[in-house]
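>>> Model the structure of this input:
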Amino acid sequence: MRRMFVLLGALTSAGPLAIDLYLPALPQIAADLGTSPTAAQLSLTAFMVGLGTGQIVVGPLSDAFGRRRPLLIGLAAFAVVSASLTVVREVEVLIALRVVQGLTAATGVALTKAVVRDLYSGVEAARFFTMLMLVTGFVPLIAPVAGAQLLLVAPWPGLFAAMAAMGAALWLAALLALPETHPARARVAASTRAVLRSMGTVAKHRTFLAFTLTAGFASGAMFCYLSGSSFVLQGVYGLSPQSYSVMFAVNSVGMIIGGQTVGRLAGRVRMGVLLGAGLGLSAAGGLAVLGGVVTGAGLPVIAPALFVLMTGQGAVYPMALTLAMSSQPTHRAGSASALFGLVQWTAGGLAGPLAGAFGTQTALPLALVVAVLGVAACVSGAVFTRGAAGGPAPA
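I've put the predicted structure just below:
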């Protein structure tokens, strides 16, 4: 299990790294390309939309052709597209290529979840997903810090060069070490009708949809924070790129703590209860952020509130993912992973720009969005998953 965890953890890092590494550079990108902060944020939204859409393609294809071949093709394409981003000089081209980069990064994000479902189920799957949360939390912990330090010695295109090098390294690792976990005898027919039938079956499954929708609301809150925090914390509250990256890293530690706590409790405490606790923390953190902004309390309230928000997010993701994926058999794991990822990343892509939609001179839009979506996730967890297998108690 340890070797597989290291490999899958590395493969699932492409998406988070492509988001977090260049967050400190967003103000610099906007200035260098002569565009607005909102337009620069759209490059982040574009990546998320591509990431969600790409999973809809690669997930079902992996049910028909196996996990290994689509993954290798996607990682190679990710490296090539990342390299092409180093020569971009227009924001429209940046946004377009970020969509394509997201499409290629979707292979790692979607297929690692499918591989886990191929190999594990129930509590074992929950513990493996919480182990992967170490990566999901560790990448945001180091990526903004690394990005800020790279900006001291290189302009922002150097960040995309680093992504290209990472993509090439991941391709080589997958080529040498990843076995095929979805054998031919377990695959769906390699036809458009069979693939669409598999997707339709998953999309109509009530339990799967309940946990996926709940995770989607939570993801919207988290990605709004990811998209808008660099402008708000640097522009409104005066943090430097380096100070911002440190604060971002601290919040990522909270995400790791949340994930590892529910991982240790899985099997002893019902997973639905752990999900409910994470949703409650996330909602409380979002409301506290809003309170800190409205009252003018500033960073002394907002900083710990964001930590609570991200701690709750760390608990929500692995529990919602495990409960959703466990509702499907292994021959539909790719389709399930794709639909879960589509909802998660599309919600993030749509919510992200709202943080800067009314300008970057106030933190109120970001605070409103994370509070509303945090509460929406909490309500969804209490209402829509009621009666679903493993559903949470009201948070």
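>>> Quick one: low-confidence residue ranges for the stretch 1-150 of the chain.
1, 136-137, 140-141 (pLDDT under 70).
>>> Break down it into its helices, ranges please.
Along the stretch 1-150 of the chain, counting by DSSP state H, counting those that start in this stretch, helices occupy 2-11, 14-20, 26-32, 37-65, 68-84, 91-119, 122-153.
>>> Could I get the ones you listed in TSV, plus columns for mean neighbour count?
All C-beta spots, glycine's among them, are computed from the backbone N, C-alpha and C. Below are those laid out as TSV (neighbours: other C-beta atoms under 10 Å):
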stretch	mean neighbour count
helix 2-11	17
helix 14-20	26
helix 26-32	18
helix 37-65	24
helix 68-84	20
helix 91-119	24
helix 122-153	20
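>>> nearest to residue 324, of those?
Taking C-beta to C-beta, helix 91-119 is the member of these nearest to residue 324, at 9.7 Å.
>>> From residue 269, how far out is residue 126?
Here the criterion is C-beta to C-beta, to the nearest Å. By it, residue 126 lies 11 Å from residue 269.
>>> picking up where we left off before, could the helices of the stretch 1-150 of the chain go into JSON lines alongside distance to residue 328?
As requested, the helices of the stretch 1-150 of the chain are exported to JSON lines (distance: least, C-beta to C-beta, whole Å):
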{"stretch": "helix 2-11", "distance to residue 328": "19"}
{"stretch": "helix 14-20", "distance to residue 328": "22"}
{"stretch": "helix 26-32", "distance to residue 328": "37"}
{"stretch": "helix 37-65", "distance to residue 328": "11"}
{"stretch": "helix 68-84", "distance to residue 328": "18"}
{"stretch": "helix 91-119", "distance to residue 328": "7"}
{"stretch": "helix 122-153", "distance to residue 328": "11"}
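>>> Mind jotting down where the helices sit in the stretch 201-350 of the chain?
Using DSSP H, counting those that start in this stretch, helices in the stretch 201-350 of the chain cover 206-231, 241-265, 271-294, 299-325, 333-351.
>>> If you average pLDDT over each of these, which is lowest?
Ranked by mean pLDDT, these bottom out at helix 333-351, with a mean of 80.
>>> helices or strands up against the helix or strand following that helix?
Using DSSP states H and E, the helix or strand that follows helix 333-351 towards the C-terminus is helix 364-383. Counting contacts by 3 or more C-beta pairs under 8 Å, 6 or more residues apart in numbering; DSSP states H and E, helix 364-383 packs against helix 206-231, helix 271-294, helix 299-325.
>>> Same question for helix 364-383: list its buried residues.
364-382 (16 or more other C-beta atoms under 10 Å).
>>> One more: stretch 318-337?
Result for stretch 318-337 [16+ other C-beta under 10 Å]: buried residues 318-328, 330-337.
>>> Please identify which of the helices of the stretch 1-150 of the chain is closest to residue 208.
Using C-beta to C-beta, these put helix 91-119 closest to residue 208, at 12.1 Å.
>>> and residue 261, how many residues sit next to it?
Neighbour count of residue 261, defined by other C-beta atoms under 10 Å: 17.
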